[in-house]
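> Based on what follows, work out the 3D shape:
(one chain, ligands or ions: 1)
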Amino acid sequence: MIEARGLTKRYGTKTAVDDLTFTVRPGVVTGFLGPNGAGKSTTMRMILGLDAPTGGSVRVNGRAYRELESPLHEVGALLEARSVHTGRSAFNHLLALAQTAGIPRRRVEEVVDLVGLREVAKKRAGTFSLGMGQRLGIASALLGDPQTIILDEPVNGLDPDGIRWIRTLLKSLAAEGRTVFVSSHLMSEMAQTAEHLIVVGRGKLIADTSVRDFLAGASGNRVRVRTIDPAALATLLTGPDVRVESTGVDVLEVSGMSTDEVGIAAGAAGITLLELSPQQTSLEEAFMDLTKDAVEYHGTTTTTEGGSALTTAGVNR
Ligand SMILES: Nc1ncnc2c1ncn2[C@@H]1O[C@H](COP(=O)(O)OP(=O)(O)OP(=O)(O)O)[C@@H](O)[C@H]1O
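Residues are numbered from 1 along each chain as shown. Predicted coordinates for the structure are as follows:
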């Protein structure tokens, strides 16, 4: 369990994290969403005791990271930032980390298999591709068999196989009852991986919700309808709260009415329908709606460089 209360971080006049209060619970993957510069990495660094909050607090299993008796066994993390450049083999890199924390060699063997690095375990980690480097970083994070796992943008730059692998791994770690907190600016990815979402924009909390509720709340009523007389149906349905768009020769997209309402209105007017289906807003669209408000509220735009190499924290600091 991770609990942030009024968590704040300022760098000079810049407020990177602004009074964040949220709880990350065990048993589900929690996505930490926000556009670049929203404060995700800074929040994760504070959770891991790598940055001190300017205000508020954050606890892991009821205690500040620095107070954890055996941090590697409690929290495993993979932070975005620098790559692990090492002349050691992947296996020896993990073994060295394990030895500093009193973790037995057989656990190194286990995590090598768990992350699928067995075939390349004897290769120098410095020669690894981004995807292999990420697997190695995740292996390091899992070495202590931690109850809480924190990953900053783990799918950045990965190919579809790698993304699928991480997605499956995160879900299985959560299914074992662990707390899994994973950041991303890819909403579509989080929709497939996370059950719960904490959304931030410009350092502030925008939403703390299940993925399901987030989509339901954001989607409104949108209906796709095919008909033999689109012009007549469009005229019939268009109103102050209803928008009708033509999206194909015989297809309309109706916002502001349910499928039932469209069907009943068309039936009453004697207009034949060929298809009537509710449309779900994608997480991407829902997220853009939300963060657009945050951007407008704050009135400026930030751009940050998109670094994608990774290093481990909590293990390899
Ligand atoms: N050490 C620092 N000194 C000054 N400003 C910083 C520092 N670290 C982060 N910031 C600023 O704080 C804000 C939040 O940055 P942070 O890296 O936490 O965001 P993020 O959501 O993780 O974004 P990204 O996905 O780009 O990594 C940004 O505007 C960033 O420029």
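
> just the CA coordinates of stretch 233-250, formatted as CSV?
The C-alpha coordinates for stretch 233-250 follow below in CSV (Å, rounded to 0.1, in the frame of the first residue of the first chain):
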residue,chain,number,x,y,z
LEU,A,233,-32.6,10.8,-39.3
ALA,A,234,-30.0,13.6,-38.8
THR,A,235,-32.7,16.3,-39.1
LEU,A,236,-35.0,14.3,-36.7
LEU,A,237,-32.4,13.9,-34.0
THR,A,238,-30.4,17.1,-34.0
GLY,A,239,-31.3,19.3,-31.1
PRO,A,240,-29.9,21.7,-28.5
ASP,A,241,-28.2,18.8,-26.6
VAL,A,242,-27.8,16.3,-29.4
ARG,A,243,-25.1,16.5,-32.1
VAL,A,244,-25.2,14.4,-35.2
GLU,A,245,-22.2,13.8,-37.4
SER,A,246,-22.1,11.9,-40.7
THR,A,247,-19.2,9.4,-40.5
GLY,A,248,-20.0,7.4,-43.7
VAL,A,249,-22.4,7.1,-46.6
ASP,A,250,-25.2,5.7,-44.4
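
> Could you list the buried residues of it?
233, 234, 236, 237, 242, 244 (16 or more other Cβ atoms under 10 Å). Placement of C-beta: from N, CA and C, glycine included.

> Can I get stretch 192-211 as CSV, trimmed to CA atoms?
C-alpha atoms of stretch 192-211 as CSV (Å, rounded to 0.1, in the frame of the first residue of the first chain):
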residue,chain,number,x,y,z
GLN,A,192,-5.3,-2.7,-21.1
THR,A,193,-3.1,-3.0,-18.1
ALA,A,194,-4.5,-1.1,-15.2
GLU,A,195,-7.7,-1.6,-13.2
HIS,A,196,-7.3,1.6,-11.3
LEU,A,197,-6.1,5.0,-12.4
ILE,A,198,-4.5,8.0,-10.7
VAL,A,199,-4.4,10.8,-13.2
VAL,A,200,-2.2,13.9,-12.8
GLY,A,201,-1.9,17.0,-14.8
ARG,A,202,0.6,19.8,-13.9
GLY,A,203,1.4,18.2,-10.6
LYS,A,204,-2.2,18.1,-9.5
LEU,A,205,-4.6,15.2,-9.0
ILE,A,206,-7.2,15.1,-11.8
ALA,A,207,-8.8,11.7,-11.2
ASP,A,208,-8.5,8.8,-8.8
THR,A,209,-10.9,6.1,-10.2
SER,A,210,-11.3,2.7,-11.6
VAL,A,211,-10.6,2.4,-15.3
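
> hmm, which two among the buried residues of stretch 233-250 are most spread apart?
233 and 242 (11.5 Å; Cβ to Cβ).

> For the ligand, what's the nearest residue on the stretch 101-250 of the chain?
Of all residues in the stretch 101-250 of the chain, residue 185 sits closest to the ligand, at 5.5 Å by Cβ to the nearest ligand atom.

> how much space between that residue and residue 108?
Per Cβ to Cβ, to the nearest Å, residue 185 is found 33 Å from residue 108.

> do the same with residue 255
Distance of residue 255 to residue 108, given as Cβ to Cβ: 55 Å.

> More neighbours: which of residue 185 and residue 108?
residue 108 (23 against 19; other Cβ atoms under 10 Å).

> ranges for the strands of the stretch 101-250 of the chain?
Secondary structure of the stretch 101-250 of the chain (DSSP state E, counting those that start in this stretch): strands located at 148-152, 179-184, 196-201, 204-210, 222-227, 243-248.

> and residue 68, which of those is closest to it?
By Cβ to Cβ (comparing all of the strands of the stretch 101-250 of the chain), the closest turns out to be strand 148-152, at 9.8 Å.

> For the residue of the chain most remote from its centre, report the pLDDT, please.
The C-alpha centroid of the chain is most remote from residue 270, which lies 46.8 Å away (Cα atoms, centre = their mean). Model confidence at residue 270, given as pLDDT, is 97.

> likewise residue 293?
Looking at residue 293, its pLDDT is 61.

> if I pick residue 22, what's in contact with it?
Contact analysis of residue 22 by Cβ atoms under 8 Å, 6 or more residues apart in numbering lists 3, 4, 198, 205, 208.

> Most neighbours of all those, which one?
The member of the contacts of residue 22 that has the most neighbours, counting by other Cβ under 10 Å, is residue 198 with 25 neighbours.

> who does that residue bridge with?
residue 32, residue 208 (DSSP bridges).

> if we can go back for a sec, which members of the contacts of residue 22 define the maximum pairwise distance?
Between any two of those, the greatest separation by Cβ to Cβ is 13.5 Å, found for 3 and 205.

> Lovely, talk soon.
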